[in-house]
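Student: sequence first, then the predicted structure, then my questions.
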Amino acid sequence: MSIYYKYDWDEENKELTVYINPTEAFYEFSVEYASNHEKLSKRKNLLDSARKLASEVLPKGTVVNSYRVKFQQFLIAVLDEKNGATRELLEGPACGSYKVKQNETLKDISQMFSVDENSLRKVNQLDGDTIFVGMNIKVPCYLHTVVTSDSLLKIAKRYDISRDSIRRLNNLDTDCLKIGQELKIPKRMQ
């Protein structure tokens, strides 16, 4: 059973409010959450369960800026996401594709998209750094659906990635976006 029994989605602020199941013993929950030695662990567990709920109830590619945790009418915590988070596809991480050009190395491509070299090796099932001109390299990414207030600059800032990385991965010639357009956003190095 989930720790949360219902949720409210605020589209304008990209905020998910989750409500702790009333069958939870609130006193025990609050004592555990407030204890100094376990505070960070509990905060992480709250955030992880809120993320899990978001992945189940929100459309893929939905950006979440923060989670508000409530018990009945009491606000217990506000958990912010650094630069927003997005739901990944359930069947596995999403990947964009990039065609290798003359004189490019795996390191160049990893720096171009701010993606870890090991992630590129793993996703592309490469044993070493050998790549060839014309080879299609998969780039781990998030999926983002463009909404009314989005611009390429805002999206780049939200994901802490360069506009050029987004342009390259999506073959964009300009910064013009369409509402509902789905963009691939490179997963930043960890």
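Tutor: All right, it came through fine.
Student: contacting residues around residue 175?
Tutor: Going by CB atoms under 8 Å, 6 or more residues apart in numbering, residue 175 touches 151, 152, 153, 163, 167. (C-beta placed from N, C-alpha, C; glycine too.)
Student: give me the buried entries from those residues.
Tutor: 152, 167 (16 or more other CB atoms under 10 Å).
Student: strands of this structure, residue ranges please.
Tutor: Assigned strands in the chain, in chain order: 4-10, 15-20, 63-71, 74-86, 94-99, 136-145, 182-186 (criterion: DSSP state E).
Student: and the first one, what does it pack against?
Tutor: Under the contact criterion of 3 or more CB pairs under 8 Å, 6 or more residues apart in numbering; DSSP states H and E, strand 4-10 touches strand 15-20, helix 39-57.
Student: okay, those in a markdown table with distance to residue 182 and mean neighbour count next?
Tutor: Shown next, in a markdown table, are the helices and strands packed on strand 4-10 (distance: least, CB to CB, whole Å; neighbours: other CB atoms under 10 Å):
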| stretch | distance to residue 182 | mean neighbour count |
| --- | --- | --- |
| strand 15-20 | 21 | 21 |
| helix 39-57 | 17 | 15 |
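Student: which one of the ones you listed lies closest to residue 121?
Tutor: Of all those, helix 39-57 sits nearest to residue 121, with 26.4 Å by CB to CB.
Student: got a markdown table for the helices and strands packed on strand 4-10, with mean pLDDT too?
Tutor: A markdown table is the format used below for those (pLDDT from 0 to 100):
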| stretch | mean pLDDT |
| --- | --- |
| strand 15-20 | 86 |
| helix 39-57 | 71 |
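Student: figure out which of the ones you listed is closest to residue 176.
Tutor: So among the helices and strands packed on strand 4-10, strand 15-20 is nearest, using CB to CB, at 28.0 Å.
Student: per-domain residue ranges of the protein.
Tutor: The record's domain parsing of the chain by automatic domain parsing lists 4-86, 94-186.
Student: for the record, mean pLDDT for the last one?
Tutor: The average of the pLDDT scores along domain 94-186 is 88.
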